[in-house]
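**Student:** The sequence and its predicted three-dimensional model are supplied below.
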Number of protein chains: 2
Amino acid sequence: MRCLIVEDDDRIAADMAAALNASGFRSERLADGEMAWFAGGTEDYDLVVLDLGLPLLDGMTVLKRWRAEGRNMPILILTARGDWNDRVEGIDAGADDYLPKPFRMEELVARARALVRRASGRMNPIQQAGELVIDTNRQSVSVAGRQLSITPLEFRLLAYLVYNTARVVPPTELLEHLYGDDDSRDVNAVEAVVARLRRKTGPGIIGTRRGFGYYLEQLEQRR
Amino acid sequence: MRCLIVEDDDRIAADMAAALNASGFRSERLADGEMAWFAGGTEDYDLVVLDLGLPLLDGMTVLKRWRAEGRNMPILILTARGDWNDRVEGIDAGADDYLPKPFRMEELVARARALVRRASGRMNPIQQAGELVIDTNRQSVSVAGRQLSITPLEFRLLAYLVYNTARVVPPTELLEHLYGDDDSRDVNAVEAVVARLRRKTGPGIIGTRRGFGYYLEQLEQRR
DNA sequence: CACCGGTTGTCAGCGGTTTGTCAGCGACGC
DNA sequence: GCGTCGCTGACAAACCGCTGACAACCGGTG
C-alpha cells in the first residue's frame, strides 16, 4: 500500500507517516502543492492524504486538477476544524473522505484503511495493452481472448508493466516493486518470473531492451 | 430512497428529516434503540442515520447487532463532538461513515448522498449467483433449490462473497470482515469456515485462486 | 449444576504449487 | 570473435491451502 502524504507541517507529516507505516502503508511525503500535483499525476498511489492549506498550490486546486485529469486514487483531505464549507466543497470536488484537524492518529488510520478497502472495487479493474487484458478484480489475465493461469508474483509483475505501458522498466525497479526493500534476492529472480510469464503469454508481449529493462510490446506493433 | 433516522432529540431529528426529505429521501424517524433495532432488522432502508446515544439500547449495540445479522445497508453514525473513540469503534463495527455533532445539514446531506451512491447495487435482500441463492432477510441459503442449514459465520462469509461476485476476495479481507480488527485470529480460521461451507454446498460454488483468494464460481461456467 | 448439541478456533500434517537459485547456454553489441 | 547480459531448465526449499481431530465455548435442558 503506497501512500502519499501532502502536508506542509513537518511535525504533523512525520506523525502521520509513522502511524500509517505502522499499519502497513509505505508512505511518502511532499510539502507543497506543486510537487504534489506533479507526483500524483505521474506516480501510482493507493491513497493520498491531502492537506488543503499548502504552499505554492492550494490543496483544493490540486484535488480538482487530479480529478480533471482522470486520476482516480482515493483521496482523504484534511480540513481546518469547523470549516465545513471546505469539507462539502472537497467532497464535491472528488475527495473520498475528509478528516477535520486536529485528529487522532488512530482515526486517520481507521479512515485510511476503510478508504483503501472501499476503493479496491471502485477503480477500473480492467486494463489492457493491445492483445493483453488484465483484470485486477478477478486477478485474471488473457491474451487475445485466451485465459491464462497466472501465479500471484507473475500477476504483480505483469500488472506493473501494464501500469507502465510504453516505458522500459529496469529489472531493479521490478525487483523493488515485487519484494520491497528485501534485497536478499537476485535480479535473476525477476528474469525467472519473466521467463515463466513469457512461456504462458507466448512471444510478442513482454519485450527486453538489453541493458535497460522490460516493456510491453503490444503498442509498438501498431506503429 | 428510504431513510431511517434514529435520534432521540426531537428538534435535531426534525431538522434532519427536513433536510433529507428536501433532497429526495423519504425519511422515517425512531427515537430509541430497541425500536430501531427491530425496524432495521425487518425493514429495508437505503440508508440509516444512527445516533449513538440512545435510550433503551445503545446505538453501537444496535449497529453491531445489525451487522452480526448480516444487514448491510449503509449506516451513518452520529457521534458526540471530539469523541474519536466512538468513531473508530463505530467504523470498525461496520458503520460506513460518521458525522461528529454538531454538524451542518448541508454536510449531512452531502454525506448521505455519497453513501447511497456508494452502496447502490448491493442492497437487494435476495441475491444470487448461478445456482446459489441467499436471502439476507431470512439468513437462508440454497443451492439449486436445495435449502442448506448454515451457521451465522458461514452465512456472513458467503454473503460477502456474493456481494463481491466476480471478484477474488483475499482471505485477509475475509478475516477482517468476519472478525473486525481483532487480529487474534489466524487465516486458517477462514480456511476452516470455507471448508465447512464447501462440505455443505458441494463443489463448484466456492473457488480458490491460489495466492489470491476465494471467489464464487457460478458465473464462470458460462465460458 | 451437569449434560448436550452445535458452533468455531487451533493445531498438525499432507500434498501440490510456487518460487529462488544455480549452472549452463545463447545471443547481442562492440 | 569475445565478453557480457539475459534466458532457460532443473531442482530444492518454502509456502499455501486443505483437512480431520480436538478443545473451548455457548445456550438450552433436564
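**Tutor:** Yes, it's here. Residues are numbered from 1 along each chain as shown, chains lettered A, B, ... in the order given.
**Student:** How about the contacts made by A:Arg2?
**Tutor:** A:Phe25, A:Arg26, A:Ser27, A:Glu28, A:Glu43, A:Asp44, A:Tyr45, A:Asp46, A:Leu47 (Cβ atoms under 8 Å, 6 or more residues apart in numbering or on different chains). All C-beta atoms are positioned from the backbone trio N, CA, C, and that covers glycine.
**Student:** Which strand residues bridge the last one?
**Tutor:** Here A:Leu47 sits in beta bridges with A:Cys3, going by DSSP bridges.
**Student:** Report pLDDT for it.
**Tutor:** We have a pLDDT of 91 for A:Leu47.
**Student:** Just give the number of residues close to it.
**Tutor:** When neighbours are counted by other Cβ atoms under 10 Å in any protein chain shown, A:Leu47 registers 23.
**Student:** hang on, it packs against A:Arg111?
**Tutor:** No - the criterion here is Cβ atoms under 8 Å, and A:Leu47 misses it with A:Arg111 at 9.9 Å.
**Student:** Quick check: neighbours shared by those two?
**Tutor:** A:Leu76.
**Student:** circling back to that earlier point, give me the subset of the contacts of A:Arg2 lying in strands.
**Tutor:** Taking DSSP state E, the ones among those that sit in strands are A:Arg26, A:Ser27, A:Glu28, A:Leu47.
**Student:** Now, of those, which are buried?
**Tutor:** Neighbour-count burial (16 or more other Cβ atoms under 10 Å in any protein chain shown) is assigned, among those, to A:Ser27, A:Leu47.
**Student:** so which of the ones in strands among the contacts of A:Arg2 are also by DNA strand C?
**Tutor:** Among these, no residue lies close to DNA strand C (Cβ under 7 Å from any atom of the strand).
**Student:** closest to DNA strand D among the ones in strands among the contacts of A:Arg2?
**Tutor:** A:Arg26 (18.7 Å; Cβ to the nearest atom of the strand).
**Student:** Nearest residue to that closest one in space, please, no chain neighbours.
**Tutor:** Nearest residue to A:Arg26, sequence neighbours excluded (Cβ to Cβ, 6 or more residues apart in numbering or on different chains): A:Arg2, at 5.4 Å.
**Student:** For that neighbour, give me the pLDDT.
**Tutor:** 83.
**Student:** likewise the one 4 residues further on?
**Tutor:** In this prediction, A:Val6 carries a pLDDT score of 95.
**Student:** how many other residues sit next to it?
**Tutor:** So A:Val6, with other Cβ under 10 Å, has 28 neighbours.
**Student:** Check A:Thr172 too.
**Tutor:** Using other Cβ under 10 Å, A:Thr172 has 12 other residues around it.
**Student:** And for A:Ala110?
**Tutor:** Using other Cβ under 10 Å, A:Ala110 has 20 neighbouring residues.
**Student:** what secondary structure does it sit in?
**Tutor:** What DSSP: H, G, I helix; E, B strand; the rest coil gives for A:Ala110 is helix.
**Student:** From B:Phe103, how far off is it?
**Tutor:** Per Cβ to Cβ, to the nearest Å, A:Ala110 is found 19 Å from B:Phe103.
**Student:** for A:Val48, same thing?
**Tutor:** As for A:Val48, its distance to B:Phe103 is 25 Å (criterion: Cβ to Cβ).
**Student:** Which of these two has more residues huddled nearby?
**Tutor:** Counted by other Cβ under 10 Å, A:Val48 and B:Phe103 do not tie: A:Val48 has more neighbours, with 26 against 16.
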